[in-house]
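# Next one to model:
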Amino acid sequence: MLKRIVQRTMSSIASYADKHTQALEQYTPCDVADALVKYGLPHGGYIPNLVQYSKNRAEAAPATAVGRAYTVLYAPLDDPRPAVKGGYIDTAPAGAIVVIGTASAVQTGGVAPYTRISNALYGGLMSTRAQYLGCKGSVILGKIRDVSEHNALGYPVFAYGLGTSAPTKVVKVVAVNEPLKVQVPAQGSANAVDVRIINPGDYVAADENGVVVIPAQDPAFVDKVLEAIPPRVKADELVAEDIKAGVPAGQAQKTRRAGL
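The predicted structure follows:
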């Protein structure tokens, strides 16, 4: 079953490493978020509350971990859905970012600790396999363990927090390469909750600043986002130079960002 699911979804994704992923590696998630705001996503594609626990330390490695989402969904053992057979990590495609989420029932509406599952969903052995297969990083919408192992590998991992126990006694994998629903606090609304969707194949950009997701369903939209990033980055470099030369920040921003 797992093999069929992965093959079906991969057939609709040209490549997990393509011209877009290569272009995005040059920029930070902040740069990407600015472009997404320009094109109608007020939150800039940002998935809140994720922390970077390890990074790619290879010489000349890009500072930003970039790839297309390979999604995995965990649910409690009493969830009526059957467990997916086989190990999800063994079919993770080269160039992908592994994105692991949980069923809505065990999310906390975007309020800390963000998940009702205290067991770690992901550990060092998973990173070892993912790195071997050529994955670019892992984003865990839950807890992880074995921090020293991820760091020793130099493999980028992002998560809500840390745990010590393995997941098998409390949760099971119920879907692979299906959309993930992520509960986050609604912007400026007390106790309100928004739901962000991470689809298989969406572009993920992550570094110490956080994790940003670019919807990939419309290739023309992705192209527009990528075209918007370089002039904004250049403008901000000029703003910084102006400020260092004594120009007031507001004036420098207004002048350099005009028309963007």
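# Could you pull out the buried residues of the longest helix anywhere in the chain?
The longest helix of the chain (DSSP state H) is helix 219-244. By neighbour count on 16 or more other Cβ atoms under 10 Å, the buried set for helix 219-244 is 221-222, 225-226, 228-229, 232-233, 235-236, 239, 242. C-betas here are computed from N, CA, C, even on glycine.
# Average pLDDT for it, rounded please.
Averaged across helix 219-244, pLDDT comes to 96.
# from now on call the first residue 707
OK, 707 is where the count begins now, so the last one is helix 925-950.
# Counting by contacts, list what that helix packs against.
helix 725-730, helix 735-744, helix 955-962 (3 or more Cβ pairs under 8 Å, 6 or more residues apart in numbering; DSSP states H and E).
# Centre of the chain to that helix, how far?
Centroid separation for helix 925-950 versus its chain: 21 Å, with Cα atoms, centre = their mean, to the nearest Å.
# Give me the angle between that helix and helix 735-744.
For helix 925-950 against helix 735-744, the angle by axes from the mean of the first three to the mean of the last three Cα atoms, to 10 degrees is 120 degrees.
# how about the strands of the stretch 707-856 of the chain, start to end?
Applying DSSP state E, counting those that start in this stretch to the stretch 707-856 of the chain gives strands spanning 752-753, 757-760, 771-782, 802-808, 826-828, 843-850.
# how deep is the closest residue to residue 932 other than its chain neighbours tucked in, by neighbour count?
Using Cβ to Cβ, 6 or more residues apart in numbering and skipping the chain neighbours, the partner closest in space to residue 932 is residue 729 (5.4 Å). Per other Cβ atoms under 10 Å, the neighbour tally for residue 729 reads 18.
# Residue 761 too?
21.
# what does residue 896 give?
Counted with other Cβ under 10 Å, residue 896 comes out at 6.
# By mean pLDDT, show me the worst of the helices and strands packed on helix 925-950.
helix 725-730 (a mean of 93).
# can you list contacts of it?
Here helix 725-730 makes contact (Cβ atoms under 8 Å, 6 or more residues apart in numbering) with 738, 770, 772-774, 801, 842, 909, 911, 920, 928, 932.
# Kindly report the same for stretch 942-956.
Contacts of stretch 942-956 (Cβ under 8 Å, 6+ apart): 957-959, 961-963.
# Mind giving me the PyMOL command for buried ones among the residues you listed?
The PyMOL selection below is limited to those of the contacts of stretch 942-956 classed as buried (16+ other Cβ under 10 Å):
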select buried, resi 958+959+962
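# Out of the contacts of stretch 942-956, flag the one nearest to residue 819.
Proximity of the contacts of stretch 942-956 to residue 819 (Cβ to Cβ) peaks at residue 959, which lies at 37.0 Å.
# Single out the most deeply packed of the helices and strands packed on helix 925-950.
helix 735-744 (a mean of 21; mean count of other Cβ atoms under 10 Å).
# got the angle between it and strand 771-782?
Using the same axes, to 10 degrees, helix 735-744 lies at 80 degrees relative to strand 771-782.
# How is this protein divided into domains?
708-923, 924-966 (automatic domain parsing).
# Run the chain-centre distance for the shortest one.
Distance, stretch centre to chain centre, for domain 924-966: 24 Å (Cα atoms, centre = their mean).
# surely residue 878 meets residue 781?
Yes: if you go by Cβ atoms under 8 Å, residue 878 and residue 781 touch, sitting 6.4 Å apart.
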